[in-house]
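Student: Here you go, sequence then predicted model.
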Number of protein chains: 2
Amino acid sequence: MYSHLPLRNIEINDAFFAPRMLQARTVSIPYMWEALHDRIEGVAPSGCIANFRIAAHEQEGAFTGWWFQDSDLWKWIEGAAYSLSTHPDEKLQNEVDEVIALAGRAQQEDGYLDTYYIINGLENRFTNLRDHHEMYIAGHMFEAAVAYFEATGKKNLLHIACRFADCLDRNFGPEEEKLHGYPGHEEVELGLARLYGATGEKRYLRLAAYFLDQRGTKPLYFEEEARRRGEKPRNMDAKHAYAARNYHQSDIPVREMTAPFGHAVRQCYLLSGMVETGGKTGDETLVDSARRVFRRIISRQMYITGGIGSCHEGESFTFDYDLPPERCYTETCAAISLIMTAIRLNRVKPHAVYGDIVEKALYNGILSGISLDGQKYFYMNPLEVWPERCETRTDVNIDDVRQGWFGCACCPPNILRTLTGLGQYLYTAGERKLYVDQFVSSSLVHDGLGLRLCSGFPWNGNVSMEITQAPADEYTLAVRIPSWAKDTVFSLNGCAVQPEKVDGYAVWERVFSVGDRIDMVFPMQPVCMYASRFVPDYAGQLAVQCGPVIYCAEEVDNGRELWNLCVNPHSLSVTYDPSLLQGVNVIHAEGVRMQGSEALYSENAPAAEPVPVTMVPYYAWGNRGKGEMRVWMHRV
Amino acid sequence: MYSHLPLRNIEINDAFFAPRMLQARTVSIPYMWEALHDRIEGVAPSGCIANFRIAAHEQEGAFTGWWFQDSDLWKWIEGAAYSLSTHPDEKLQNEVDEVIALAGRAQQEDGYLDTYYIINGLENRFTNLRDHHEMYIAGHMFEAAVAYFEATGKKNLLHIACRFADCLDRNFGPEEEKLHGYPGHEEVELGLARLYGATGEKRYLRLAAYFLDQRGTKPLYFEEEARRRGEKPRNMDAKHAYAARNYHQSDIPVREMTAPFGHAVRQCYLLSGMVETGGKTGDETLVDSARRVFRRIISRQMYITGGIGSCHEGESFTFDYDLPPERCYTETCAAISLIMTAIRLNRVKPHAVYGDIVEKALYNGILSGISLDGQKYFYMNPLEVWPERCETRTDVNIDDVRQGWFGCACCPPNILRTLTGLGQYLYTAGERKLYVDQFVSSSLVHDGLGLRLCSGFPWNGNVSMEITQAPADEYTLAVRIPSWAKDTVFSLNGCAVQPEKVDGYAVWERVFSVGDRIDMVFPMQPVCMYASRFVPDYAGQLAVQCGPVIYCAEEVDNGRELWNLCVNPHSLSVTYDPSLLQGVNVIHAEGVRMQGSEALYSENAPAAEPVPVTMVPYYAWGNRGKGEMRVWMHRV
């Protein structure tokens, strides 16, 4: 079992990510703090802090927002904590302590803490595990508590978390007098396993395992529970994901899952919880099942941007190869949940495929969720946008411009914690062994090794690693070779070498000396990508990738009716434009614009007019006003 | 102002349509009679006749079905009446008389007749014109009454219709004490104008004009009415067509309409009513507005099959060039409503464009609504079907197999009345003048002229017309030249001639003699059709048309994954196969099957494997089991 490096042991100075992390610290954290306090004009009130105040009897009023509103605070604290790990900030820490104290005052004597039920009636708590999110909230609280403890050494939130975890442990479990349920929105399993990791309290790990083991056992808990609430059985029409049992991944036991189903974020939070728990209990069956589903996702149900969830209704997975570009859900949170799963699978048994997926999602389907100025967000990340359709058709449920905030504001703090906690995604650490998973310029120390990594990603593939501190003994460095990289050139101290390749990693096992230097070039050439024959939506089309980055054509560069543009796949070239979109590689292609008739239907085959085609990174789309966008382009 | 020929003056003996009309008479009419009586096992009860019995106090029970359930009976009677016009049938006539008598017993003293309100409480009648369909039902009753009167000379239903029309006239109109509303589902305007035509009662025409004039006047009646019912104002989010005012075409006055909006059937029933009314009152502004909207539909919002309504929600129009093939609504009734509009516009001022649209919808998007055995129906007529998607995705709301009946059974009797009343669509008659609009083999007499038309449509374009009875004076015959016909060859009595062309018709103005013969060949070659540059969904694709028929590829002929097939546009050939699908032209093309990688995404460009492509008429798809279907195919 491997782990991530403590964040304080990594210093990220990456030309691409460091400014985004700075923006997260200096723009997003304060913005969200204000948003949680309902102090941003023109933005729908969150009610989050107010709910805690009301729950603590420090303010009058009714509960505001969704029943999972508390989780916004916990995710914000987690994001702030990661930031504090590397960038201590007294003012921010005071703010966090202030809301932790408030939460402590709202917490019930028995440890329960969910402001929705505290305000609306505790007698109904734990009666609707299917739809309400008490344990989802708890899971995020536990993650925040662990993060804050690791960042600051302070136990204030950890104490609150343990009290809530103890409360859950008293209420759920195999004993006859306890409830035998499990959450409708998974997350607490991951949170409990992490809380066990921070505290060593085995009950938490056992409870995580219990929740996982209970899912899908017959009779189905959610049906029994609904009956106890006096509700009629739900319509189980498989077409309606919300109503179907597999929306919550509760129709079969977790070890029997073979494909992803239902709500995409839930599915991947479940997988993350399975791996985190199974990894800690040594239960390989949990990990194997999670790995099986993960592999199915990335081989049949993932967009080329790393987005997942191809259906708006239920924000859900559908079926293999159903990947429409315009009617996807591809929620920012879902892409994040995918990389949460990937890094955990990698910690069990490292393989480059996991880093490939983290890279793909990070540079594409996650980063597209936030505007370049860090102040606006996409909840959905479509691969094709025709604004008229977004704004008119009820079956096209995507935004064509990023929004300042959402009524359901799960994505903004999720991006925040991903960016400030980015260090967790870069390396996988074992005993005298380090896997380099991402090429983000950074310095680190681990087990006596100091390493400085300099990377040109994502604009060029030049990477150099220098040993800044050397352990006495043999040490293993394993560097992921990106799946897109061809003819990689490696050198050690200036001499070309061919390192051993194991599971997609280039491996150096040796006694390192200070000043040792490994250089790599992963040539980044723009290439055309084609979808599987099984995917209907991209037939006759191609997507352009250069290194880890997926490109798209935008109206602002290419004019309207992007569907008429055809790209010559043999004509791609790339130039770096420092002035465009905060500096990006731009892809230039020769193409034609098909000039069909104006008549609705005619026998006149469209004429092809040569035109240049310009493509920019997908993550940066929609930062220059509203307009059409396409990732998949017709080919000449 | 022109008219259609009385049905009894036309005898249809067309090889293509006559068997379908026979099937309508011998299969559909009795089947629907049984369905209306709830006597078909395994089919959801209609409740229609039972509702009339309950309303007449001849049976106990509650109202069954939709609030427009009565209309199924009236449309069935209209269809039966057209059949009786040409094929007297004592048993059928007795059945019709039997239900007319029942309806008479259910009719209220003041003439009101809508079983929904009679059973559920007359105090609420005329309080929800927006959503309930009292006047829609009335309109269908009036059409049925006129048809039955014209077919049989019997006034029993006409009497009931006039009593209901009188009731409406007493309740609606400009006078202060009357209601100033109009129907939420248009149809009564058309019915009233036709009732005026049959009875000469000017009040009916005036009332039709009143309903038309009232639409869209401020304050909006439906909002006032909703307020009177104590309802909150509706969410006017334009994305939600059902809620939006233009779902009912009630947001602006009818003379200000420039584009189609809202529910497609309502829109075209409205246009039909406008033309029927305007044509009779001489109000050209009504006709001009209807013509403008009709032209906009066919030039920007019509599928190549003649289907209309590109969105499931609201069964509605969306916006120009938004014509997705898989998420269309393209209701069978909507295509019917389009040709109802077309023939009426043609009667005001004939132009071949109207016959073109009638031809397109008849041979494609209407006929696809019924199975070859005449017993199963499509409500929606998509242009692309991937069964997995139909059965899984909630945003793909099309059936992949025809159904026996529907809870909302508007389409089956609509197809019935279209087929049995087909004679109305074939010719447009004026004084000593006849327009031949459709090439359906038939014999007719009009104004002293007898004509026998023999046609090979839709499988070949050979048409001959022989004068079987000659008027003494000059007479004008105008024959539509189909828009797809190139290099048409005409001959008169065996000698090649070039007739005058007026508004798309070939015109012969002369003193005809018995035995005169006009022959025409409209060469039917398979051609590739391309969509406008403004339509995103068919970029890089083509559709195949041969004569009036649109073709499609089916899985049963071409294997799965039809999206990988590419058609060589220069390779089409056609053969008639008498044993396939009751005899059809089959199109053969050279093509390739793109063999993309099995991997979800890869750099491997798909290889092209030559394959033959087989296409069958679109209207006949889905008659050989469930499978994929595509009208628009990728091109080589």
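Tutor: Cool, got the structure. Numbering: from 1, shown residues only, chains lettered A, B, ... in the order given.
Student: what sits against residue A:258?
Tutor: Taking C-beta atoms under 8 Å, 6 or more residues apart in numbering or on different chains, we find residue A:258 in contact with A:292-293, A:296. Where C-beta positions appear, they are placed from N, C-alpha and C, glycine not excepted.
Student: Isn't residue A:597 up against residue A:564?
Tutor: No: judged on C-beta atoms under 8 Å, residue A:597 makes no contact with residue A:564 at a distance of 11.9 Å.
Student: Which residues are in contact with each of these two?
Tutor: What both residue A:597 and residue A:564 touch, as defined by C-beta under 8 Å, 6+ apart, is the set A:606, B:533.
Student: circling back: can you tell me which of the contacts of residue A:258 lies nearest to residue A:183?
Tutor: residue A:293 (18.0 Å; C-beta to C-beta).
Student: Specify the local secondary structure of that closest one.
Tutor: helix (DSSP: H, G, I helix; E, B strand; the rest coil).
Student: quick revisit: of residue A:597 and residue A:564, which one has the most company?
Tutor: Using other C-beta atoms under 10 Å in any protein chain shown, the more surrounded residue of residue A:597 and residue A:564 is residue A:564, with 25 against 17.
Student: Could I get the phi/psi values of that one?
Tutor: phi -90, psi -10 (degrees, to the nearest 10).
Student: With the one 10 residues further on instead?
Tutor: Dihedral angles phi and psi of residue A:574 (degrees, to the nearest 10) take the values phi -130, psi 140.
Student: give me the number of residues near it?
Tutor: 19.
Student: show me the contacts for it.
Tutor: Contacts of residue A:574 by C-beta under 8 Å, 6+ apart are A:524-526, A:546, A:585-588.
Student: So what pairs up with it in the strands?
Tutor: residue A:587 (DSSP bridges).
Student: I'd like the distance between it and residue A:489.
Tutor: 19 Å (C-beta to C-beta, to the nearest Å).
Student: Which helix or strand contains the most centrally placed residue in chain A?
Tutor: The structure's chain A has its C-alpha centroid closest to residue A:336; by C-alpha atoms, centre = their mean the separation is 0.5 Å. Residue A:336 belongs to helix A:332-348 when assigned by DSSP states H and E.
Student: Just after that helix, pick out the following helix or strand.
Tutor: helix A:352-360.
Student: what angle sits between that following helix and helix A:332-348?
Tutor: Note on geometry: by axes from the mean of the first three to the mean of the last three C-alpha atoms, to 10 degrees, helix A:352-360 and helix A:332-348 are set 150 degrees apart in direction.
Student: quick check, helix A:352-360 touching chain B?
Tutor: No: Helix A:352-360 lies apart from chain B when judged by C-beta under 8 Å from any C-beta of the partner chain; the minimum separation is 9.7 Å.
Student: for stretch A:384-399, same thing?
Tutor: Yes: applying C-beta under 8 Å from any C-beta, one finds stretch A:384-399 in contact with chain B at A:386, A:388-389, A:391-395.
Student: What's the ChimeraX line that selects buried ones from those residues?
Tutor: Applied in ChimeraX, the following selects the buried portion of the residues of stretch A:384-399 next to chain B according to 16 or more other C-beta atoms under 10 Å in any protein chain shown:
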select /A:386,388,389,392,393,394,395
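Student: Out of the residues of stretch A:384-399 next to chain B, list just those in helices.
Tutor: Among these, DSSP state H puts A:388-389, A:391-392 in helices.
Student: so which two of those are the farthest from each other?
Tutor: A:389 and A:391 (7.4 Å).
Student: tell me the contacts of residue A:479?
Tutor: Counting by C-beta under 8 Å, 6+ apart, residue A:479 has contacts A:435-436, A:463, A:465, A:499, A:505-508, A:518, A:520.
Student: can you rerun that using 6 Å?
Tutor: A:436, A:506 (C-beta atoms under 6 Å, 6 or more residues apart in numbering or on different chains).
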